[in-house]
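Novice: when you get a sec, could you give me coordinates for this:
(one chain, ligands or ions: 1)
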Amino acid sequence: MGLIAEEPTQFNWPINRGFPELRGLTSTFGESREDHFHNGVDIAGLNDEIKPIAPGTFLFTRNAEDDPFAPLIGPGNFVIVDHGKGWWSGYYHLAKSGKARSGPVDANTVIGYSGNTGHSVGAHLHFFISKDYGKTMVNPLIVLPGTVDQNPPEIGALTIVTPTTKTSVPPGKVSRVRLSQAFPVYITVTDPGLERNTNRGVYELRWKLNSAPEEVRTFQKLVVHDGEWKLDGKAFDDVFGLGLYSLGKLGFQNGTNTLRVVAVDQAGNKSETEFQLDVQRMY
Ligand SMILES: [Zn+2]
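Specialist: Numbers count the residues shown, from 1 in each chain. As a prediction, the model looks like this:
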């Protein structure tokens, strides 16, 4: 998409899994991980050869065989490659590193093998692409070669959460709701991949309540500020809640309300849904 300027070079996928179909993508960029954003992409697989997404030099390797008494932390065995101009890529949970642990790498260097080390459930490669020397995480799907994807995102129900109840509002029919104040509203959106349990992720989420200005959230990059990662300047709790996408506290009016929601994936597939709420405002 070319949305991120100053790419040092052409990037490639670190694992060849039938490109351009790209099978095995289980988690994507910016999704909710309980209390933080997922900062990269996961590709399922064990002992797959991993090659760097671009030429560069090893910035750091952590390999249990080299340092058997050091405890394995979250990333497990991992490699970070420096691509110049502040661009880095990282590869986590490796079964082991490749033979080379330092010096230059190119498109043919095997830097490691996918595994299940560190904080990982099921063998997979977690990889991230960052710029600004690690202070900005970029959605890999923006800078990597495009993949086949004909599945538009699927927009599910709204969830309105009060201190005592959770109300589910399905699309396409009028729902009557009584509200004692403006409560947070969440929405279920998924973007299925080619196989079961795979997932490409929402790239853009837009919503418009009645004639209010449209709100937009773009899953393009995460930027760290004072130790907190933000997406489009929004903290994690503003973007997600209950593992769902947060639309914030919507200012419903008394009577009929129309909420239009648009979800777009990285390949440009788009879904649009309308919710009709008959609101009885008690405040
Ligand atoms: Zn991951």
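Novice: and the residue of the stretch 51-200 of the chain closest to the ion?
Specialist: Closest residue of the stretch 51-200 of the chain to the ion, C-beta to the ion: residue 126 (3.2 Å). Bear in mind the C-beta positions are built from the backbone N, C-alpha and C, glycine included.
Novice: tell me which helix or strand the residue lying closest to that residue once chain neighbours are set aside sits in.
Specialist: Closest residue to residue 126 apart from its sequence neighbours, by C-beta to C-beta, 6 or more residues apart in numbering: residue 92 at 4.1 Å. Secondary structure from DSSP states H and E places residue 92 in strand 87-97.
Novice: now stretch 208-216: buried residues?
Specialist: Under the neighbour-count criterion of 16 or more other C-beta atoms under 10 Å, stretch 208-216 has residue 209 buried.
Novice: tell me the span between the first and last residue of it.
Specialist: This stretch, stretch 208-216, spans 9 Å end to end (C-alpha to C-alpha, to the nearest Å).
Novice: can you give the distance of it from its chain's centre?
Specialist: A distance of 24 Å separates the C-alpha centroid of stretch 208-216 from that of its chain, computed with C-alpha atoms, centre = their mean, to the nearest Å.
Novice: now what about the following helix or strand past the strand holding residue 92, what contacts it?
Specialist: Using DSSP H and E, the helix or strand that follows strand 87-97 towards the C-terminus is strand 104-105. Here strand 104-105 makes contact (C-beta atoms under 8 Å, 6 or more residues apart in numbering) with 52, 55, 56, 57, 58, 81, 111.
Novice: now the strands for the stretch 51-200 of the chain?
Specialist: 56-62, 77-84, 87-97, 104-105, 112-114, 124-131, 136-138, 154-161, 166-169, 174-179, 184-190 (DSSP state E, counting those that start in this stretch).
Novice: tell me the residues of this structure that contact the ion?
Specialist: 42, 126 (C-beta under 5 Å from the ion).
Novice: sketch out the low-pLDDT regions of the chain for me.
Specialist: 1-9 (pLDDT under 70).
Novice: repeat that for 50
Specialist: Filtered on pLDDT under 50, the chain yields the residue ranges 1-3.
Novice: can you give the domain ranges for it?
Specialist: 25-143, 154-281 (automatic domain parsing).
Novice: thanks a lot, catch you later.
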